[in-house]
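>>> predicted model, plus sequence, below.
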Amino acid sequence: MPLEGYLIALVIGFLAGLHTSTWGMYKDAPYEGFTFRRYFRSAIVGAAVGPFVYPLSNLDLTTAGGMVVFFGLCYVCERGLVEFWKTFLREEDQSKYFIPMQFAVMGKPVQSR
């Protein structure tokens, strides 16, 4: 895989994460507030996902079609990783959420990891 492909993958992954961050800020900030740390989390994860997924995808990132498909692939992988972390690994007070964000059974967050 050419080095410029990894650079393109990193940029596309970052942009996919930035899109996720911006949409999340738009929909959640009025209720949960805004922090730069949360805003850039998805952009950083997306940038990390891009170069990792690039050799597995076998896409030509020098074509528009390849870039669009790769953007979607990075978007899906970033969302999967962040939502898995938020649901199963992160420990946070759930009382501030209308709907618990942590893995829950019958509305009660599971405490045992």
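That came through, no problem. It should be emphasised that the depicted structure is a prediction, and the values quoted were computed from it without experimental measurement.

>>> quick one: the helix ranked longest in the chain to chain centroid distance?
The helix spanning the most residues in the chain, taking DSSP state H as the definition, is helix 3-32. Distance, stretch centre to chain centre, for helix 3-32: 7 Å (Cα atoms, centre = their mean, to the nearest Å).

>>> in that helix, what's buried?
5-6, 8-10, 12-21, 24-25 (16 or more other Cβ atoms under 10 Å). Backbone N, C-alpha and C define where each C-beta goes, glycine included.

>>> show me what that helix packs onto, helices and strands only.
Counting contacts by 3 or more Cβ pairs under 8 Å, 6 or more residues apart in numbering; DSSP states H and E, helix 3-32 is packed against helix 36-57, helix 64-84.

>>> in a markdown table, list those along with mean neighbour count, mean pLDDT and distance to residue 1.
Compiled in a markdown table, the helices and strands packed on helix 3-32 are given as follows (neighbours: other Cβ atoms under 10 Å; pLDDT from 0 to 100; distance: least, Cβ to Cβ, whole Å):
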| stretch | mean neighbour count | mean pLDDT | distance to residue 1 |
| --- | --- | --- | --- |
| helix 36-57 | 18 | 94 | 5 |
| helix 64-84 | 17 | 95 | 13 |
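
>>> quick one: residue 61 and residue 12 touch, right?
Yes. Residue 61 is within contact range of residue 12, at 7.1 Å (criterion: Cβ atoms under 8 Å).

>>> shared neighbours of these two, anything?
With contacts taken as Cβ atoms under 8 Å, 6 or more residues apart in numbering, residue 61 and residue 12 have 67, 70 as neighbours in common.

>>> contacting residues around residue 44?
When contacts are counted by Cβ under 8 Å, 6+ apart, residue 44 touches 14, 17.

>>> how does it look with 7 Å?
Contact criterion Cβ atoms under 7 Å, 6 or more residues apart in numbering gives residue 17 as the residues in contact with residue 44.

>>> so for the protein, the centremost residue is which one?
Nearest to the mean C-alpha position of the chain, by Cα atoms, centre = their mean, lies residue 78 at 3.1 Å.
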